[in-house]
Every structure is written in C-alpha cells, then in structure tokens.
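# The sequence and its predicted three-dimensional model are supplied below.
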Amino acid sequence: MDVLYFAWVRERIGLPKERVETSAATVRELVDELRAREARYEAAFADLSALRVAVDQDLADFDAPLAGVRELAFFPPMTGG
Amino acid sequence: MDVLYFAWVRERIGLPKERVETSAATVRELVDELRAREARYEAAFADLSALRVAVDQDLADFDAPLAGVRELAFFPPMTGG
Amino acid sequence: MRIVVQEAPFDFAAEAQGFSRGLSGMGAVVTFSGLVRDDDGRLAAMEIEHYPGMTEKAIRAIAEEAQARWSLGDLLVIHRHGLLAPGETIMMVATAARHRAEAFEAAEFLMDYLKSRAPFWKKELTADGAEWVAAKDEDEAALDRW
Amino acid sequence: MRIVVQEAPFDFAAEAQGFSRGLSGMGAVVTFSGLVRDDDGRLAAMEIEHYPGMTEKAIRAIAEEAQARWSLGDLLVIHRHGLLAPGETIMMVATAARHRAEAFEAAEFLMDYLKSRAPFWKKELTADGAEWVAAKDEDEAALDRW
C-alpha cells in the first residue's frame, strides 16, 4: 500500500511517500510496526493524539482496518482556510 | 417644529413634511392632537405599535418630551439592508 | 471606516478590492451584498426611500458600535436609495479583522442593525401596483443576539 | 457549485463579481477571503502544503454538506497552495441565498470545515527559520456549532 506523509510528519520521516508491505490489520498496528523499524518513525509517531490519518483519502481513526486499502496518509491536524 | 413622514405614513398623510406649532409636551400628546385634527392623520396614526418615531434624527419612544425638539419624524418599522 | 449613502449604482467588485487593498495585518475579510430579489418574476422594480440626514447618522452610530465591539482593521457600508431593478445590488458591507470569527460577527451585526435601525423603507413595484415591504418579526428578533 | 484548488493567485474581485452575476432570485451574497497575516513584521512568506486528490474530495464533501443544510443559489470555494507573500489572498468562499441568515451561516460553516477538515498545512517562513502553524483548539471547537 502507498503511505503518504505531510507537513512535519513528512519532514521527520524524511520522505513524502513510500510503498509499505505489511500484514498489519489496522492503522494502529502498522504504526507500531513502523515505530519499531527506525528512529525517524518513532519521532514522527511518538504522540498519536497529535496526528491524523486518512484511509483512501477519507479521514479515519487509528483503529481503521487496512484490508483492501490502497492509500494511507499521516499528517498533523489541518490548518486550512 | 418640523414634522416629517416617511413610507406609508407619508402616503396616508399626503405630504412628506410640515411645520407644526404645538404645546404638546410629548410625542404622544402631539399624535393625539393630529389625530383629532383630520381623518388622514387618524388613518396614519391609528395603530402606534406599527409606527416608529425619531426625535431630532434619533429613534425615540412616544413618551419622549418635545421641549426644544426641532425635527420629529414618523415612519413604519425600517426595512433596510 | 467609510460610509456611503447614494442613489447611483456602485461597483461591488471594485469596492471590495479597494477595501482589501487598504488593509494591513488583517487575516480575514467578509463582505455581504444585498440584491433586489424577484421571487415570482412579477417584480418590476424596488423603490427605496430613506431619511436624508438621519440615515448617515444612524449608519455611523451602528458602524461605531461595531468598531467598539470588535477589533476591526476597517469597515465599509454602502447603501443605495431610489429605484432599483431586480438583480441590482442594493447595498454592501465589508469588514476586516485578524481572525474570521470577528469579521463574520461584525458583518452580521452591521446587517442586523442596518436592516431594522437604519431609516430605509422598501417598496415593491409590480404590474399590479405598489406595496411597502413589511418589517419581519425575525429581523427585530435578530437584534437580541447582540 | 465551483471548487478550485490552485497554486496561482486569483482575482478576488473578479471572482466575486462573476459569482454574483450568475445568480437568479437570490437576495444575499456573502464572501469570505483569507489573507496571509503578518503579525509582527517578521513573516517572509507562508507556504501551504496540501494533499492533492484528497483536497478536492474533502472540499467537495464539505460543499455538498453546506448545500444539503441550506438552500443556496450557488457556492464557490477557491483555495491556493504553495508559496504566498504577506497580504496575499490565500482563499475565498462565496455563498448566495434568498436571505442573509442562510448565506452567512453557509459561509461560516464552509470556513469552519475548510479550516480543520480540508488537508492543508501552513508553514510560516521568517528570517529565523520555518515553523508549522499549529491547529488551534478553538478551530476544532468551532465545529461543535454545526
């Protein structure tokens, strides 16, 4: 699945997009996998309350299932307008 | 004192402005004088709850005193904007 | 602060642009414009009567109250009188503030007060005759919000 | 309904005029425009990042919700991304309705949701470096109104 990062999440992880193969069942499980992988993910995902997640371009929560998902995105709370 | 009429008050009384000499102490007393004077005033002032009054170009109520007043105006509730 | 009462049409776009250009340090601009509405295709024109002298005074008092309540970068009120065709712009307000809530609230305050406290009276002219527009209870009630 | 997401500047006045001209039977038009605010004279530029694809989808969903809640003659949303200088117009919304309350409410609804539910992120660039603008609790709380 494609995983996208925006704003300071992108900056901490160091790239805007990557291809991730996972057997994680939910967003939260994938986050745990990534955090265990490298310090930059740990830095980005340290405080999930400061993060938002979109599943296939719709806002979702961290318990959302990953089955069939093509695009996942992590970013801080939005500041549009 | 100058007495001005606007909108349907003007139409019922038949003129936009007139000079009125009165010894009425309040707006309400003047209204009573005018109503007693002619049917067109009676028609205009029949329902005071449907009227507004301005004393020297400030909204006022019918108990406002007339001493020193130069300009009085009667009109229906405003419909600006 | 700029307040204009006039019979002639005005250019909403140019006014809005001029208003925005004069600002400094503001993050939010709200405009409202009121148009002559023809609900059933029968309206030939709208005639707006006003009280010269009191009109300017009343609008200025409303605008000063808005400035006292909110921290505004600027505000503009333009209101026409006379004969207007359906679709024509009757009036506009513009407000500028640092944040959106202030700009919106000030614009709504101005509109609520202009509606019921500025001496304008609207008359609708149709093929069947002329009729004064009645003030609505809800417009008077809108003032309770402030 | 028209929704535009673009990097290039847009002409607020021309957009507002075009919006108003296309209307029929509407009595009220509200516009909001958001400008790059420089609070202390230190801002060199604002950079706005967005999520292509999701941005348009999210704005469309917000706009459709506004149309479902209010009877609108039309609505317009334009939002820029990329690098903007202080004073530049970031975005605008316009709403048209028969009466002013609907037009104001719909514009405020659009703004509250665009602020916190459309995927844009603002970064302030100053001589001292760059800093992401933090979302405010009050912006999240503003959604409770709807």
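In hand now; what should we look at? Numbers count the residues shown, from 1 in each chain, chains lettered A, B, ... in the order given.
# so who does the residue in chain A that chain C sits nearest to touch?
Nearest residue of chain A to chain C, counting by C-beta to the nearest C-beta: A:Gly81, 7.2 Å away. Any C-beta I mention is one placed from the backbone N, CA and C, and that applies to glycine too. Applying C-beta atoms under 8 Å, 6 or more residues apart in numbering or on different chains, one finds that A:Gly81 lies in contact with C:100, D:34, D:90-91, D:111, D:114-115, D:118, D:120.
# ok, and of those residues, which contact chain A?
Checking those against chain A by C-beta under 8 Å from any C-beta of the partner chain, the ones in range are C:100, D:34, D:90-91, D:111, D:114-115, D:118, D:120.
# start to end distance for stretch A:33-48?
Length of stretch A:33-48, first residue to last, C-alpha to C-alpha, to the nearest Å: 14 Å.
# tell me which residues of that stretch are tucked away?
Buried residues in stretch A:33-48, counted by 16 or more other C-beta atoms under 10 Å in any protein chain shown: A:34-35, A:41, A:44-45.
# Can you get me a residue count around the spatially closest residue to A:Asp63 that is not a sequence neighbour?
Nearest residue to A:Asp63 in three dimensions, chain neighbours excluded: A:Thr26, at 5.5 Å (C-beta to C-beta, 6 or more residues apart in numbering or on different chains). When neighbours are defined as other C-beta atoms under 10 Å in any protein chain shown, A:Thr26 has 16 of them.
# For A:Thr26, give me its contacts.
Contact analysis of A:Thr26 by C-beta under 8 Å, 6+ apart lists A:62-66.
# Check C:Leu110 too.
Contacts for C:Leu110 (C-beta under 8 Å, 6+ apart) come out as C:32, C:62-63, C:66, C:75, C:77, C:93, C:95.
# And C:Tyr113, how far from chain A?
As for C:Tyr113, its distance to chain A is 27 Å (criterion: C-beta to the nearest C-beta, to the nearest Å).
# where does that residue land on pLDDT?
pLDDT, C:Tyr113: 98.
# quick one: it from C:Glu64, how far?
According to C-beta to C-beta, to the nearest Å, C:Tyr113 stands 11 Å off from C:Glu64.
# C:Arg80 now?
Using C-beta to C-beta, we find C:Arg80 at a distance of 22 Å from C:Glu64.
# Those two: who's more crowded?
More crowded of C:Arg80 and C:Glu64, by other C-beta under 10 Å: C:Arg80, with 23 against 12.
# Excluding chain neighbours, what is closest to the more buried one?
With C-beta to C-beta, 6+ apart, the residue lying closest to C:Arg80 is C:Ile90, at 5.7 Å.
# Convert the C-alpha atoms of the helix ranked longest in chain C to PDB, please.
The single longest helix within chain C, with elements called by DSSP state H, is helix C:100-117. This file holds the C-alpha atoms of helix C:100-117, laid out as PDB (Å, rounded to 0.1, in the frame of the first residue of the first chain):
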ATOM      1  CA  ARG C 100     -12.500  35.100  10.800                       C
ATOM      2  CA  ALA C 101     -14.900  35.000  13.800                       C
ATOM      3  CA  GLU C 102     -14.500  38.700  14.400                       C
ATOM      4  CA  ALA C 103     -15.000  39.600  10.700                       C
ATOM      5  CA  PHE C 104     -18.100  37.400  10.400                       C
ATOM      6  CA  GLU C 105     -19.700  38.600  13.600                       C
ATOM      7  CA  ALA C 106     -19.100  42.300  12.800                       C
ATOM      8  CA  ALA C 107     -20.600  41.900   9.300                       C
ATOM      9  CA  GLU C 108     -23.700  40.100  10.800                       C
ATOM     10  CA  PHE C 109     -24.100  42.800  13.500                       C
ATOM     11  CA  LEU C 110     -23.900  45.500  10.800                       C
ATOM     12  CA  MET C 111     -26.500  43.700   8.700                       C
ATOM     13  CA  ASP C 112     -28.900  43.000  11.600                       C
ATOM     14  CA  TYR C 113     -28.800  46.700  12.600                       C
ATOM     15  CA  LEU C 114     -28.900  48.200   9.100                       C
ATOM     16  CA  LYS C 115     -32.000  46.000   8.500                       C
ATOM     17  CA  SER C 116     -34.000  47.300  11.400                       C
ATOM     18  CA  ARG C 117     -32.400  50.500  12.700                       C
END
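# Fine by me, we can end here.
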